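*Asks:* can you look at this prediction? I've put the sequence above it.
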Amino acid sequence: MSATDSARAGTATEPGAATEPGAATEPGTATEPGTATEPGAATEPGAAAAGSSTPAAGADSTARRYGTAALLRRVRRDTVVSRRTLTAILAAAAVAASGRIVIPVTIQYALDHALLANVDAATRDEVVTLAVGVGVIAVLLAMLSSAFVNFQLVSTVERALRDLRVAAFARILRLSPADPRADSAGSLVARVTNDVDVVTLYAQAGGITLVQNISQMLLALVVMAVYSWPLALLVLVIGALVPVGGRLLQRWVSRRFDAVRSAVGDLYAVLLELLVGIDTIRGYGIEERMRARADAGIDAVWATQRRTLWPMGFNVSVGEVASGLITASVLVAGTAAGVGVFGAELGLSAGDIVAFLFLVTFFVRPMQFAVASLADARNAEAGLRRVVEILDLPVEEARAGVALPAGPPAVHLTGVGFEYVPGRPALREVSVRLEPGEHVAVVGETGSGKSTFAKLVTRQLLPTSGVLTLWGADLTEITDEALTRRVAIVPQDAFLFDRTVGENIALGRAGASADAVHEVLERLGLAEWVAGLPDGLDTPVGQRGEALSAGERQLVALARTALVNPDLLVLDEATSGVDAGTDVRVQHALARLTRGRTTLTIAHRMHTAETADRVLLFHDGRIAEDGPHDDLIASGGRYAGLHAVWARDSVTSRVPG
């Protein structure tokens, strides 16, 4: 997994947080609470849901270049499908079709050589017995071959779709959190679940039958040509009108199902946002308004699905008309040819005509099914295209890497700028150096660029311009593996998985033992706190850590980060929102955790800035002031003004109302 993704999933944004739908809504993991003007706010589910009707920019234009065959070839790049298995499936499908085709041949043989022939009873019985025996063997062989096709095709499809899900999810984790091509969390969930499920359902039902029916149609056509190539040609010409005449109709159907899949993705985005924000919705009493949003999404899916009914109806009609036309034409032409009408004597016997009509049925029925199932096929293709859109999103290539020295790093930015949207810089020509082991507080108003600065330092984002180095090495030359071991982030509101306290802490390091977890707790002075929990380390934290208080969740996050033992630590005001009961423990744990490390704190409370070695004040994407707290207060500048406002508000909040 890339270290740029999810703020270093193994360390920073609480390991694996990016895998949790809606994790972007965690305060501090993306932008400060309420930073509507902060670039990148569109990654919030709420914002994304509003605009998620448009597929990921750049991805859609790429995926739409794929025709059906090209789309399947593209899928093979990310799946393991054995050619030998596919060949065996096709061969078995041909055998199954052959078993069915044998029946008309045996009927023709029995009619012409026994039932309608002038033969004695013994010969008639012998011929009929032979025909029936061959037919029974053929049916049994077809049954076994069909079962083999079903088993192998289902297994192959499941493996391929498993590979697709894995590849798509891996690509999602490697996307930059500010990547404008990235879709909303809910829509991404829809792509790797519902859209893949649509493909699965079609492949395991319609897809299997389609393979068998196409084999049956081809074999029926070949056998018809043996009986009478002029009549077989007639069948082929009329049958060919179906795909030729239906091409425009299929494009219409395809566009309608693209809209359906997009509407389903939008609905997932809305529902996920509502579920993540359920407490806020209840707290503000806005259930009706939010339900109206959900209803609108559901109605949109219903409306787009209704719009597919007309083209689907035409689809079925085309197949039925073609089937009737083929049957009638063969019956008229075959009978006329058999009796010599219009001089068209083709030498067809009564048995030949009966067999030919059976063969026409074996050709027509699969064709009807194929035409009727094209709508489902287009729906599955639309879902597959949306998955491929994710696979086609460019991500950073693996880096060769440079050797990093031991110890805390120096962080050096030279003329660094960053733009979420071209022409709208979030940072402008930032040049600063953080010394090894230095504790630096970053302050500023909402939208000033302080969170963007932190994301650049931790390589969640890469500079649009300028150079950023850690340990003297260009940030782009450091491997993801090295960065995940050396850099960690603790957000404001720690994300916890629905596991135990001990399991959440152990996520900080792969293969961490219970002894390692206990050692970290002792080092941070948290062993007594854990011992006081109902079940100690085995205490369940609940979904998103809801069984713990905000302060307790932060203690777990700090212990998890300490287990990583990083050299560069970024704190997005880890004490913000912590209850008074655990604030002292959090402060003591932070003091021990930051000791001997280069520490960068995004400070929303000036108390944090007061205790830092140095303060960086950001304003309009630039570092407006830089220096120790006391010096900046003495200078009477912008920082002094912010500190005075904070001090006044703090005193006011402590005065009883």
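*Replies:* Perfect, thanks for sending it. Please read all numbers here as calculations on a predicted model, not as lab measurements. Numbering: from 1, shown residues only.
*Asks:* now the residue nearest in space to the middle of the chain: closest residue in space, sequence neighbours ignored.
*Replies:* Nearest residue to the geometric centre of the chain (CA atoms, centre = their mean): Val192, 3.8 Å. Of all residues not flanking Val192 in the chain, Ala168 sits nearest, at 5.0 Å (CB to CB, 6 or more residues apart in numbering). Any C-beta I mention is one placed from the backbone N, CA and C, and that applies to glycine too.
*Asks:* SS state for the one you found?
*Replies:* helix (DSSP: H, G, I helix; E, B strand; the rest coil).
*Asks:* count the residues that sit near it.
*Replies:* 23 (other CB atoms under 10 Å).
*Asks:* contacts only, for it.
*Replies:* 191-192, 196, 387, 390-391 (CB atoms under 8 Å, 6 or more residues apart in numbering).
*Asks:* where do the helices sit along the stretch 351-500 of the chain?
*Replies:* 374-391, 450-457, 480-486 (DSSP state H, counting those that start in this stretch).
*Asks:* ok so, going back, most neighbours, which of the contacts of Ala168?
*Replies:* Neighbour-wise, the contacts of Ala168 (other CB under 10 Å) top out at Arg191, 27 neighbours.
*Asks:* returning to that earlier point: may I ask which two of the contacts of Ala168 are separated the most?
*Replies:* Val196 and Leu391 (11.9 Å; CB to CB).
*Asks:* identify the contacts common to these two.
*Replies:* What both Val196 and Leu391 touch, as defined by CB under 8 Å, 6+ apart, is the set 164, 168.
*Asks:* hmm, back to that, looking at the contacts of Ala168, which is nearest Val354?
*Replies:* For the contacts of Ala168, the nearest to Val354 is Val196 (46.4 Å; CB to CB).
*Asks:* just to check, that closest one is in contact with Gly383?
*Replies:* Yes. Contact criterion CB atoms under 8 Å: Val196 and Gly383 qualify, at 6.8 Å.
*Asks:* between the host helix or strand of Glu288 and helix 374-391, how many degrees?
*Replies:* Element membership for Glu288, per DSSP states H and E: helix 287-306. Angle between the axes of helix 287-306 and helix 374-391 is 120 degrees (criterion: axes from the mean of the first three to the mean of the last three CA atoms, to 10 degrees).
*Asks:* and helix 287-306, what's its mean pLDDT?
*Replies:* For helix 287-306, mean pLDDT is 82.
*Asks:* now swap in stretch 599-615 and tell me
*Replies:* On average, stretch 599-615 scores 84.
*Asks:* what residues sit buried inside that stretch?
*Replies:* Across stretch 599-615, burial judged by 16 or more other CB atoms under 10 Å covers 599-604, 606, 608-609, 612, 614-615.
*Asks:* before we move on, the earlier item: out of the helices of the stretch 351-500 of the chain, which is the most enclosed?
*Replies:* helix 450-457 (a mean of 26; mean count of other CB atoms under 10 Å).
*Asks:* what helices or strands is that one leaning on?
*Replies:* strand 411-421, strand 424-434, strand 439-444, strand 465-470, strand 568-571, strand 598-602, strand 614-619 (3 or more CB pairs under 8 Å, 6 or more residues apart in numbering; DSSP states H and E).
*Asks:* and the average pLDDT for stretch 519-535 is what?
*Replies:* For stretch 519-535, the per-residue pLDDT averages 86.
*Asks:* now do the buried residues in that stretch.
*Replies:* Across stretch 519-535, burial judged by 16+ other CB under 10 Å covers 520-521, 523-524, 526, 529-530, 533.
*Asks:* try stretch 153-160
*Replies:* Neighbour count says stretch 153-160 has 153-154, 156-157, 160 buried, by 16+ other CB under 10 Å.
*Asks:* which one of those is nearest to His439?
*Replies:* Using CB to CB, these come closest to His439 at Ala160, 51.4 Å.
*Asks:* now the stretch 401-550 of the chain, which segments are flagged as low pLDDT?
*Replies:* The stretch 401-550 of the chain contains residues with pLDDT under 70 at 401.
*Asks:* now Phe356. Nearest residue, chain neighbours left out?
*Replies:* Per CB to CB, 6+ apart, closest to Phe356 is Tyr227, 5.3 Å.
*Asks:* contacts only, for that neighbour.
*Replies:* 348, 352, 355-356, 359.
*Asks:* do that again at 7 Å, thanks
*Replies:* When contacts are counted by CB atoms under 7 Å, 6 or more residues apart in numbering, Tyr227 touches 352, 355-356.
*Asks:* for Leu359, see how far away it is.
*Replies:* Plainly put, Tyr227 is 7 Å away from Leu359 if you go by CB to CB, to the nearest Å.
*Asks:* one more: Gly532?
*Replies:* 81 Å.
*Asks:* likewise Gly437?
*Replies:* 85 Å.
*Asks:* who's more crowded, those two?
*Replies:* Comparing Gly437 with Leu359 by other CB under 10 Å, the one with more neighbours is Leu359, at 28 against 17.
*Asks:* now the buried residues of stretch 599-615 in JSON lines, with distance to Asp258?
*Replies:* As requested, the buried residues of stretch 599-615 are exported to JSON lines (distance: CB to CB, whole Å):
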{"residue": "Thr599", "distance to Asp258": "49"}
{"residue": "Leu600", "distance to Asp258": "45"}
{"residue": "Thr601", "distance to Asp258": "47"}
{"residue": "Ile602", "distance to Asp258": "42"}
{"residue": "Ala603", "distance to Asp258": "47"}
{"residue": "His604", "distance to Asp258": "44"}
{"residue": "Met606", "distance to Asp258": "52"}
{"residue": "Thr608", "distance to Asp258": "50"}
{"residue": "Ala609", "distance to Asp258": "52"}
{"residue": "Ala612", "distance to Asp258": "53"}
{"residue": "Arg614", "distance to Asp258": "54"}
{"residue": "Val615", "distance to Asp258": "52"}
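*Asks:* just the closest of those to Leu642, please.
*Replies:* Met606 (7.1 Å).
*Asks:* who's in contact with that closest one?
*Replies:* Contacts of Met606 by CB under 7 Å, 6+ apart are 643, 646.
*Asks:* how close does it sit to Thr539?
*Replies:* 34 Å.
*Asks:* walk me through the domains of the protein.
*Replies:* Per automatic domain parsing, the domain ranges recorded for the chain read 45-391, 406-654.
*Asks:* what about the first one, distance to the chain center?
*Replies:* This points to domain 45-391. 24 Å (CA atoms, centre = their mean, to the nearest Å).
*Asks:* likewise stretch 491-507?
*Replies:* Worked out by CA atoms, centre = their mean, stretch 491-507 lies 24 Å from the chain centre.
*Asks:* which positions in that stretch come out as buried?
*Replies:* 491-497, 500-507.
*Asks:* do the same with stretch 271-282
*Replies:* Buried, per 16+ other CB under 10 Å, within stretch 271-282: 271-274, 276-277, 281.
*Asks:* among these, which lie within helices?
*Replies:* Among the buried residues of stretch 271-282, the members falling in helices (DSSP state H) are 271-274, 276, 281.
*Asks:* dump the residues you listed to TSV, plus distance to Ala482 and pLDDT.
*Replies:* Formatted as TSV, these follow (distance: CB to CB, whole Å; pLDDT from 0 to 100):
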residue	distance to Ala482	pLDDT
Leu271	39	78
Leu272	34	74
Glu273	36	75
Leu274	40	78
Val276	33	71
Ile281	43	76
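*Asks:* between those, which is nearest Glu320?
*Replies:* Leu271 (38.8 Å).
*Asks:* the closest one touches Arg293, doesn't it?
*Replies:* No. Contact criterion CB atoms under 7 Å: Leu271 and Arg293 do not qualify, at 9.4 Å.
*Asks:* so which of the buried residues of stretch 153-160 comes closest to Val645?
*Replies:* Val645 lies nearest to Ala160 out of the buried residues of stretch 153-160, by CB to CB, at 59.6 Å.
*Asks:* what sits closest to that closest one if chain neighbours are left out?
*Replies:* Here the residue nearest Ala160, using CB to CB, 6+ apart, is Thr79, at 4.2 Å.
*Asks:* where does that neighbour land in three-state SS?
*Replies:* Thr79 ends up coil, using three-state DSSP.
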